[in-house]
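In: Below is the structure, and that's it, no one-letter string:
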């Protein structure tokens with residue numbers, strides 16, 4: 001997976017991200033970056049799935065956000081096997 005520079009990340013369209021940008025500051029204005037968890041390549045999509053699972057476990061990401069990431073990766077890359085946390089426990 002090639003390194004994604006800040007300028008190149010800024011040029012990615014919003015549909016290349018699994019989640020919208022995090023709002024920060026007093027006015028809750030979105031950051032200059034188009035979104036969180038880039039899924040423009042298969043490798044980054046797999047990484048987004050791994051980071052989503054890690055974020056839920058650490059408590060920094062909600063289950064619904066992780067479900068959104070799984071749904072968007074599955075829609076964009078049908079060849080990637082996406083399982084829900086319940087399916088993994090079996």
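Out: Thanks, I have the structure now. What you see is a predicted model, and the numbers here were worked out from it, not measured in a lab.

In: so when I look at residue 18, I'm seeing a helix, right?
Out: No - under the criterion used here (DSSP: H, G, I helix; E, B strand; the rest coil), residue 18 is strand, not part of a helix.

In: if I read this right, it contacts residue 48, doesn't it?
Out: Yes - proximity of residue 18 to residue 48 meets the contact threshold set by Cβ atoms under 8 Å, at 5.2 Å. (C-beta placed from N, C-alpha, C; glycine too.)

In: Now for those two: what residues contact both?
Out: 37, 38, 39, 69, 73 (Cβ atoms under 8 Å, 6 or more residues apart in numbering).

In: quick one: which of the residues you listed is nearest to residue 12?
Out: residue 38 (6.3 Å; Cβ to Cβ).

In: what sits against the closest one?
Out: 4, 9, 12, 16, 17, 18, 44, 48.

In: so where's this protein uncertain?
Out: The chain contains residues with pLDDT under 70 at 23-33, 87-90.

In: most centrally placed residue in it?
Out: Residue closest to the mean C-alpha point of the chain, counted by Cα atoms, centre = their mean, is residue 37 at 2.9 Å.

In: my guess is it meets residue 66, correct?
Out: No - Residue 37 is not in contact with residue 66 according to Cβ under 8 Å; the separation is 10.0 Å.

In: Between the two, which contacts overlap?
Out: Between them, residue 37 and residue 66 share the contacting residues residue 52, judged by Cβ under 8 Å, 6+ apart.

In: that older thread, could you verify that the residue nearest to the centre of the chain is part of a helix?
Out: No - counting by three-state DSSP, residue 37 is not part of a helix but strand.
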